[in-house]
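**Student:** Predicted coordinates and the sequence they were generated for:
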Amino acid sequence: TKAAASTVNAVVSIKSTTSAKQQQQGMMQDPFFEFFFGQRGGGNMKPQPRVGMGSGVILTPDGYIVTNNHVIEGADILEVTLNDKRSFTTKKDCAIFRGKIRDSRIRTQFIKMYINHPLCDCGVWVLAVGNPFQLYSTVTAGIVSAKARSLGMISTGKTMGIESFIQTDAAVNPGNSGGALVNTNGELVGINTAIYSETGA
């Protein structure tokens, strides 16, 4: 409970919006789209802006937020919502971006990274903290099941796809992506990235 209380306010909800123009360019390059709709996208068909949801972690007192690249990739507009439901528009720099957060109450609500190993060894309790689907501060518990997992998710077909995942059995869903994995002291040990299953989902 202490670890959860010290981290929930430093985990944010991220809403990413991709413009219809960028989506259309992507669809026109998609052979399945061309097969079903023709090279011009079926005439009058106009794609709507795509909105995605994920989580992020406030990493520093001055408002830097870290998340997964796939949460914000290609987004034109990023909106960060805090646990108290206040929202801020942000700009990105790779998968670390700086929110326009200047409220003194928010400046202290960040999570410290933990760089030593004993509190992240196999069998140690961890919490997965996220803001999936704007439900605001979900916390699930599990243990570190394994370390340095390579699943072939990033490395397949790429020369620099280095993988070293922490595996945990804490229950998460897609909206948890980018949220915090913390130890029982409330210190950041990882970022929730993916769900691995037999079906590949």
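**Tutor:** All right, it came through fine.

**Student:** least trustworthy helix or strand in the chain by mean pLDDT?
**Tutor:** Every helix and strand of the chain was ranked by mean pLDDT, DSSP states H and E. The lowest is helix 31-37, at a mean of 46.

**Student:** can you list the weak-confidence ranges in this protein?
**Tutor:** Flagging of the chain using pLDDT under 70 yields the residue ranges 20-47, 93-108, 114-119, 134, 154-161, 200-201.

**Student:** quick one: contacts of the longest strand seen in it?
**Tutor:** Secondary structure of the chain per DSSP state E: the longest strand is strand 138-149. Applying Cβ atoms under 8 Å, 6 or more residues apart in numbering, the external contacts of strand 138-149 come out as 4, 8, 120-132, 163-172, 176. Heads up, the C-betas are built off the backbone N, CA and C, glycines and all.

**Student:** let's see 7 Å
**Tutor:** With Cβ atoms under 7 Å, 6 or more residues apart in numbering as the test, strand 138-149 has contacts from 4, 8, 120-130, 132, 164-172.

**Student:** Which members of the residues you listed are positioned in strands?
**Tutor:** Per DSSP E, the subset of the contacts of strand 138-149 in strands is 125-130, 165-168.

**Student:** Pro61: which of the residues you listed is nearest?
**Tutor:** Nearest to Pro61 among the ones in strands among the contacts of strand 138-149, counting by Cβ to Cβ, is Val129 at 18.5 Å.

**Student:** wait, that closest one sits on Ala180?
**Tutor:** Yes. At 4.6 Å, Val129 and Ala180 qualify as touching, with contact defined as Cβ atoms under 7 Å.

**Student:** Find the residues that touch each one of these two.
**Tutor:** In contact with both Val129 and Ala180: 7, 11, using Cβ under 7 Å, 6+ apart.

**Student:** so what's Thr168 bridging to?
**Tutor:** For Thr168, the beta-bridge partners under DSSP bridges are Val144.

**Student:** hmm, back to that, which among the contacts of strand 138-149 end up buried?
**Tutor:** 8, 120, 126-130, 132, 165-168, 170, 172 (16 or more other Cβ atoms under 10 Å).

**Student:** Tabulate those residues in JSON lines, adding columns for distance to Phe88.
**Tutor:** Output for these, formatted as JSON lines (distance: Cβ to Cβ, whole Å):
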{"residue": "Val8", "distance to Phe88": "17"}
{"residue": "Cys120", "distance to Phe88": "31"}
{"residue": "Val126", "distance to Phe88": "28"}
{"residue": "Leu127", "distance to Phe88": "25"}
{"residue": "Ala128", "distance to Phe88": "24"}
{"residue": "Val129", "distance to Phe88": "19"}
{"residue": "Gly130", "distance to Phe88": "18"}
{"residue": "Pro132", "distance to Phe88": "19"}
{"residue": "Phe165", "distance to Phe88": "30"}
{"residue": "Ile166", "distance to Phe88": "29"}
{"residue": "Gln167", "distance to Phe88": "33"}
{"residue": "Thr168", "distance to Phe88": "29"}
{"residue": "Ala170", "distance to Phe88": "28"}
{"residue": "Val172", "distance to Phe88": "24"}
